[in-house]
Structures are given as structure tokens and as C-alpha cells.
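**Student:** coords please:
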Amino acid sequence: MLSTDFVTGSPNWLDLGSPDTSAAATFYGQVFGWDFRSAGPDAGGYGFFQQDGRTVAALGPLTEEGAGSAWTVYFRTPDADATVRAAEQGGGTVRVEPFDVMDAGRMACLTDPGGAEFAVWQSAAVEGLEKVSDDTSLCWAELHIGDPAAALGFYGSLFGWRSQELEAPGMTYTVLSTAEGDQQETSFGGVAPLQSESGEARWIPYFAVEDVDETVTRCRASGGSVVMPAADVPDVGRIAWLADPFGATFAVLKPAPPA
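**Tutor:** Numbers count the residues shown, from 1 in each chain. Sure, this is the predicted structure:
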């Protein structure tokens with residue numbers, strides 16, 4: 001699972017672009033109990049979702065022309081500029097060129113060859129999220145894409161990810177791990193094929209919760225919607241896919257007890 005000992009290729013930041021940051025902050029506060037703290041008057045409306053005083057995600061206004069509300073997963077890189085060059089050479093698209101975020105770090109926004117958007121973060125003063133793999137924090141990042149094999153080749157060239165295929169009902173699921181450390185202990189996400197030709201290639205963040213069904217109820221009551229009803233997945237746990245009032249999709253997971 002994820003940890004805050006970030007290494008190359010691990011998810012180390014997560015943010016939400018929303019057309020109404022105030023309403024989004026209220027929604028996620030009601031669903032997860034998060035507090036929102038502004039990054040200051042010079043941050044353009046950007047700020048941090050926090051749980052128990054620790055940053056679990058971030059929130060800001062939409063900045064790209066034509067963009068819809070969505071969560072973006074960032075992956076750690078020691079050199080954002082080099083990763084961007086490698087992404088272009090691998091068939092990816094650069095949506096936002098590398099730039100410095102004050103003294104916090106350097107970032108860039110990209111789209112992989114299959115159409116899924118992601119970002120990279122080269123840390124400086126800010127290493128990354130302060131809380132992961134705990135209740136109401138990021139615990140898994142999942143890529144849904146038309147050609148999983150091509151995606152694995154692309155991201156492998158950027159981050160050196162290792163992968164392991166698992167047979168799941170109706171598909172082959174690929175578990176991702178960073179290049180460093182024990183492969184099982186450093187697993188952080190997975191890749192699944194799109195279930196229909198009209199499906200959208202995207203990264204979906206999973207948040208750990210104590211009670212999936214209760215979280216689904218709070219989501220509905222707060223103006224969100226259910227994309228995939230709560231269901232038990234053998235050896236994984238109980239999962240649901242949800243969307244906030246502006247259409248940003250995310251998932252919640254109550255992990256199964258260790259075998």
C-alpha cells in the first residue's frame with residue numbers, strides 16, 4: 001500500500017480541479033470530514049484538504065481551457081523536465097509544461113497515449129501528501145485504459161514501475177509497484193481494461209473508509225451520485241465508485257482484513 005516514504009514513481013500528490021471550490025470543500029467535508037485550508041492569497045484559490053491537521057489532498061479552481069471537474073494523481077519524479085521529455089518521446093502529450101510552484105516543488109501536467117491525464121511532482125519544500133493509507137486518505141490509484149499493455153510500457157519507461165498480473169472476474173488486473181523496494185509492499189495501484197468502447201481512460205483515486213455504505217449515503221445526501229454501487233471484491237474489500245456534485249469521480253474502499 002501507499003506510504004509517505006515517497007520514491008520515484010509513487011503517487012505523492014493528489015488534487016481536485018473544481019468549478020466551485022467552496023461547494024466542493026463543503027461536499028468533501030461532509031463526506032470525509034475533511035477541513036479545507038487556503039494556501040494563501042497568492043495561490044489563486046488553491047488550498048489543502050486536511051484530516052487531523054495533515055494534508056490528504058488539495059483543491060483548486062479549473063485552470064485548463066475546456067477542463068471538467070476531475071481528480072488528478074501526481075507521481076514523484078526526481079526531474080520533472082526529464083520526465084516530460086520522456087513522456088513526449090513515448091507518445092504522451094504535455095498539457096502544462098514544467099513550472100515551479102513557489103518553493104514547494106516543480107510540476108507538469110501530462111496525458112498518456114491512451115488518453116488518461118496525470119501529473120508529475122518534483123519535490124522541494126513540499127515532499128507530498130502527509131497522510132495516506134489511513135481512513136479518508138488516498139490508499140490506491142487505478143488506471144482504466146483501452147490498452148493496458150501499451151500503458152504499462154509507457155509508464156514503465158517514465159518511472160520503472162513493476163507489474164504483476166492477477167486474474168479477476170471477466171478481466172486481467174495488473175497490480176503496479178514502484179521500481180524500488182519489495183514488490184508486494186510497494187504496490188500502490190493497478191491497471192484495468194476499459195469495460196466498454198465508450199469508457200473514459202482515466203486515473204481513479206481510492207480513499208480508505210471505515211464504512212463504504214455509510215460513505216455512499218453521505219455522498220448522496222450531500223449532492224453527489226453513485227457511479228458504481230457498493231460491492232464486495234474477494235480478497236480486496238468493499239468498494240464503491242462515487243462522483244461529487246460537479247462530476248469528479250473517485251472511489252472508496254474498506255480493505256479486506258489481511259489473510
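**Student:** Only C-alpha atoms from now on, for both contacts and neighbour counts.
**Tutor:** OK.
**Student:** and Ser22, helix, strand or coil?
**Tutor:** helix (DSSP: H, G, I helix; E, B strand; the rest coil).
**Student:** distance of it from Ser137?
**Tutor:** 20 Å (C-alpha to C-alpha, to the nearest Å).
**Student:** which of these two has more neighbours?
**Tutor:** Higher neighbour count among Ser22 and Ser137: Ser137, with 25 against 14, using other C-alpha atoms under 10 Å.
**Student:** How about the contacts made by the more buried one?
**Tutor:** Contact analysis of Ser137 by C-alpha atoms under 8 Å, 6 or more residues apart in numbering lists 56-57, 131, 207-209.
**Student:** now, the most widely separated pair of those?
**Tutor:** Ala57 and Val209 (15.0 Å; C-alpha to C-alpha).
**Student:** For these two, indicate the residue with more neighbours.
**Tutor:** Ala57 (27 against 24).
**Student:** I'd like to know how far that one sits from Pro148.
**Tutor:** In terms of C-alpha to C-alpha, Ala57 sits 27 Å off from Pro148.
**Student:** Need the residues that contact the helix or strand bottoming out on mean pLDDT in the chain.
**Tutor:** Ranking every helix and strand in the chain by mean pLDDT, DSSP states H and E puts strand 162-168 at the bottom, with a mean of 90. Applying C-alpha under 8 Å, 6+ apart, the contact partners of strand 162-168 are 156, 172-179, 183.
**Student:** Helices of the stretch 101-250 of the chain, residue ranges please.
**Tutor:** Assigned helices in the stretch 101-250 of the chain, in chain order: 148-159, 212-221 (criterion: DSSP state H, counting those that start in this stretch).
**Student:** how about these in TSV, adding mean pLDDT and mean neighbour count?
**Tutor:** Formatted as TSV, the helices of the stretch 101-250 of the chain follow (pLDDT from 0 to 100; neighbours: other C-alpha atoms under 10 Å):
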stretch	mean pLDDT	mean neighbour count
helix 148-159	97	17
helix 212-221	98	18
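**Student:** Ok, which of those comes nearest Asp232?
**Tutor:** Of the helices of the stretch 101-250 of the chain, nearest to Asp232 by C-alpha to C-alpha is helix 212-221, at 10.1 Å.
**Student:** which helices and strands sit right next to the closest one?
**Tutor:** helix 21-32, strand 225-233, strand 237-243, strand 249-255 (3 or more C-alpha pairs under 8 Å, 6 or more residues apart in numbering; DSSP states H and E).
**Student:** And the first one, what's buried?
**Tutor:** In other words, helix 21-32. 21, 24-25, 27-32 (16 or more other C-alpha atoms under 10 Å).
**Student:** What is the neighbour count of Arg37?
**Tutor:** Arg37 has 16 nearby residues by other C-alpha under 10 Å.
**Student:** so which of the buried residues of helix 21-32 comes closest to Met228?
**Tutor:** Val31 (16.6 Å).
**Student:** which residues touch that closest one?
**Tutor:** Counted by C-alpha under 8 Å, 6+ apart, Val31 has contacts 215, 218-219, 222.
**Student:** now do 6 Å
**Tutor:** 218-219 (C-alpha atoms under 6 Å, 6 or more residues apart in numbering).
**Student:** how close does it get to Glu200?
**Tutor:** 25 Å.
**Student:** Phe49 now?
**Tutor:** 26 Å.
**Student:** Among those two, which residue is more densely surrounded?
**Tutor:** Phe49 (23 against 15).
**Student:** That'll do, ta.
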